[in-house]
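In: please work out how this folds:
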Amino acid sequence: MKLYQLHSKQAIPISQQEAWNFLSSPENLKVITPEHMGFNILSGADRPMFAGQIIQYKVSPFPGFTTKWVSEITHVKEGEYFVDEQLFGPYALWHHKHFIKPVQGGVEMEDIIDYKIPFGILGQLAHPILVKKQLLQIFKYREQKLQELFGKIEGVPNELHLKSI
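Out: Okay, here's the model as predicted:
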């Protein structure tokens, strides 16, 4: 069983509360997801985030392939972090941790995603060609969109990398 991990860090010049308000609102996921992915929330985003919340989406991760994605918010520490896990969707495993911490001039947002591709060896072969490329593109888009919305803290580099674990 091959596991992968995507790690992203970005610093933006807003308060921890502003960052939390934006990131903990499921509706804002559409704002920071590339349009070509056809991302739409079907249910579960009608109230503030809480542990146990189930959110259903429809997404097209690749042209010609649309799937339903069902996530559960499993952990929440108001203003600091939350965790979502895929219950149903395109991955064999998807565990996504979102952290927000104050830094000089704003906040650092950190995402750590542990995931597994379905379809055994075929999925592993597809990973570098399709999945890895797509995930890096999505998180690069998020980085650019968050900078566009909130700005950037000068002198603090953003990080984005993906590895096998």
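
In: which strands or helices does the longest helix seen in the chain pack on?
Out: Using DSSP state H to define each element, the chain has its longest helix at helix 132-150. Judged by 3 or more CB pairs under 8 Å, 6 or more residues apart in numbering; DSSP states H and E, the packing partners of helix 132-150 are strand 4-12, strand 106-116, strand 159-164. In short, each C-beta sits where N, CA and C put it, glycine included.

In: hey, what's residue 65 bridged with?
Out: Beta-bridge pairing of residue 65 under DSSP bridges involves residue 62.

In: whoops, residue 109 was the one
Out: residue 10, residue 100.

In: residues in contact with it?
Out: By CB atoms under 8 Å, 6 or more residues apart in numbering, residue 109 lies in contact with 8, 9, 10, 11, 12, 19, 23, 98, 99, 100, 146.

In: mind listing what's buried in the longest helix of the chain?
Out: 132, 135, 138, 139, 141, 142, 143, 146, 150 (16 or more other CB atoms under 10 Å).

In: gap between the fourth one and residue 15?
Out: Taking CB to CB, to the nearest Å as the criterion, residue 139 is separated from residue 15 by 23 Å.

In: which one in this protein is furthest away from the centre?
Out: Taking CA atoms, centre = their mean as the measure, the residue most remote from the mean C-alpha position of the chain is residue 121, 25.0 Å away.

In: now the chain, which segments are flagged as low pLDDT?
Out: 1 (pLDDT under 70).

In: separation between the nearest residue to residue 158 once chain neighbours are set aside and residue 137?
Out: Distances taken as CB to CB, 6 or more residues apart in numbering place residue 10 nearest to residue 158, at 4.7 Å, with adjacent residues excluded. For residue 10, the distance to residue 137 equals 16 Å [CB to CB].

In: kindly report the same for residue 113.
Out: From residue 113 to residue 137 the distance is 14 Å (CB to CB).
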